[in-house]
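>>> make a model of this:
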Amino acid sequence: MRTTNSDFIDIMEKNHMEIPWHDYANDDSNVLIAEAGLIEKASVIGRVGLIMLSCGTGAWRVRTSMNRLSKELGVTCTVDVGLMSIAFNCFDGNDCVSQSLNIANTGVNTSKLYRMEQFVDHFPEEEAHMTGEDIHKRLDEIEEIHALYSPVKLGLAAALACCGFTFLLGGGPIEMALAFIAAGIGNLIRTKLIKHHYTLFLNIAVSVSAACFTYAVFLKLAELIFHIPELHEAGYICSMLFIIPGFPFITSGIDLAKLDLRSGLERLTYAIIIVMVATLFAWIMALLLHLEPADFTALHLSAAARLIFRVIASFCGVFGFSIMFNSSHSMAATAAFIGAIANTLRLELVDFTHMPPAAAAFIGALTAGLLASFIKKSNGYPRISLTVPSIVIMVPGLYLYRAIYNFGIMSLTDAVSWFTSAIMIIVMLPLGLIFARILTDHTFRYCT
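Now for the predicted structure:
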């Protein structure tokens, strides 16, 4: 009898044991959570924080959510949040409960995050008048919100995002078409690996290598069948940009701004790990496949045509990234609308005012943050679910890869130049969002 991969996952011993949340509540109890014991209250507070953390949001939002529930339940809560763990204490004036909780893996799920923010917002009117058992049943339902889309649809989302990315970086129709195919296959493989719980390094290495290899194969086929010249090989860089760690990168900047150093540094380290592994394996594949990150062939478009295509490409790129973050279609379209405005503004500032790319990135991110704050008031979508997809497309993945590539071939002057430019832009993006948050959210302005 043949054992499948899923069967193996079901029977293998888990390194992270599951928490029996319902053991903290009594099925036969009619006691409301507000009148329950401290241990039961702490189980609800801790579980809410843990679910929020699993969605990919930062320490500030996790702590805020736990504090709101604690105040409603009449306890005091102190929280220490990391990338994958929470340590907290709950006091009620007589007793103290300490818990250390962790998740098995980190990821992004904006649909679950939206549902959790609704849960926290409505807790005083709804869940506060329920028993602990009923609350845990409701949290069970929220935890079951997994991927809204199949691996094939997520592959198409990555294909759309990287296709738009290719045009914005200067690529033409041929590079866009090849990047569409390669990125789609690469992210399809990536989602399959995630589904089967493969480790992070293997996930990145295989998916990035597959994207580069697919691009090279289809480029060679295009050369043989349609006699397309080799100068279109530069687009292979765009085919792997679906791996950009937008959420941990942006949330790290927000956490550092609020002096949540543990969470901020852990998230920044996680983002750096992803970028380093992805760029190193892409460099290895480039050497094996004889690919070079050359400049794109110039596109001869009028200013008006370029503007229109930039708006369309930005919308498509952000929409694709938002779908990859498990956003609903309406949430993804809202983020895409914001990204189309903010990213096009950034590019136009560089072209027509000769503004340094880093300064333009700050203005673009600030614009995205202000638009997201304004739109949040009407539809209630989590601000970070709108801002991160809209500025991921501004992350200089091309610069980072060229820096690593030139380091690899010992062209140190070019490597330092690309790396410096990338770092300046990377620093400016979260700064733009942070200042947008400061201007629009009075609770974010203070360190209290």
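>>> who's in contact with A222?
The neighbours of A222, taking Cβ atoms under 8 Å, 6 or more residues apart in numbering as the test, are 174, 178, 228, 232. Where you see a C-beta, it was placed from the backbone N, CA and C, and this is true even at glycine.
>>> number of residues surrounding the third one?
Residues contacting I228 under the criterion other Cβ atoms under 10 Å number 15.
>>> can you say which helix or strand has it in it?
Assigned by DSSP states H and E, I228 belongs to no helix or strand.
>>> quick one: it and I174 touch, right?
Yes: look at I228 against I174 with Cβ atoms under 8 Å: they come within range, at 6.1 Å.
>>> in this structure P396 contacts I426, no?
Yes: counting by Cβ under 8 Å, P396 touches I426, with 6.8 Å between them.
>>> what residue is smack in the middle of this protein?
Nearest to the geometric centre of the chain sits F247, at 3.0 Å (Cα atoms, centre = their mean).
>>> which SS state does G171 fall under?
coil (DSSP: H, G, I helix; E, B strand; the rest coil).
>>> so how far is C90 from it?
The gap separating G171 from C90 is 54 Å, by Cβ to Cβ, to the nearest Å.
>>> also L386?
32 Å.
>>> more neighbours: which of these two?
Each of L386 and C90 has its neighbours counted (other Cβ under 10 Å); L386 has more, 30 against 24.
>>> nearest residue to that one other than its sequence neighbours?
Nearest residue to L386 in three dimensions, chain neighbours excluded: A372, at 4.0 Å (Cβ to Cβ, 6 or more residues apart in numbering).
>>> so that neighbour sits in a helix?
Yes: assessed with three-state DSSP, A372 lies in a helix.
>>> wouldn't it be in contact with I338 here?
Yes: look at A372 against I338 with Cβ under 8 Å: they come within range, at 5.8 Å.
>>> which neighbours do these two have in common?
By Cβ under 8 Å, 6+ apart, A372 and I338 have these common neighbours: 386-387, 390.
>>> now flag whichever of the residues you listed is closest to T344.
Proximity of the shared contacts of A372 and I338 to T344 (Cβ to Cβ) peaks at S390, which lies at 11.2 Å.
>>> ok, that closest one - contacts?
Residues near S390 by Cβ under 8 Å, 6+ apart: 318, 335-336, 338-339, 342-343, 368, 372.
>>> now swap in G432 and tell me
361-369, 391.
>>> which sections of this structure are below the confidence cut-off?
For the chain, the stretches with pLDDT under 70 are 1-13, 26-29.
>>> quick one: the strands in it?
76-81, 85-91, 96-102 (DSSP state E).
>>> any chance of the ones you listed in a markdown table with distance to L156 as columns?
Converted to a markdown table, these look like this (distance: least, Cβ to Cβ, whole Å):
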| stretch | distance to L156 |
| --- | --- |
| strand 76-81 | 34 |
| strand 85-91 | 34 |
| strand 96-102 | 33 |
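>>> quick one, helices of the stretch 1-150 of the chain?
According to DSSP state H, counting those that start in this stretch, the stretch 1-150 of the chain carries its helices in the segments 5-11, 38-54, 59-73, 110-122, 132-143.
>>> okay, these, which one's buried deepest?
Highest mean neighbour count of the helices of the stretch 1-150 of the chain: helix 38-54, a mean of 24 (counted as mean count of other Cβ atoms under 10 Å).
>>> ok, A278 touching I204?
Yes: with contact defined as Cβ under 8 Å, A278 reaches I204; the gap is 5.3 Å.
>>> tell me, what's touching the two both at once?
I243.
>>> E348: which of the helices of the stretch 1-150 of the chain is closest?
Of all those, helix 110-122 comes closest under Cβ to Cβ, at 28.2 Å.
>>> isn't the residue nearest to the centre of the chain up against T387?
No: contact between F247 and T387 fails when scored by Cβ under 8 Å: they sit 10.3 Å apart.
>>> could you find the closest non-adjacent residue to A216?
With sequence-adjacent residues excluded and distances taken as Cβ to Cβ, 6+ apart, A216 is closest to L289, at 4.3 Å.
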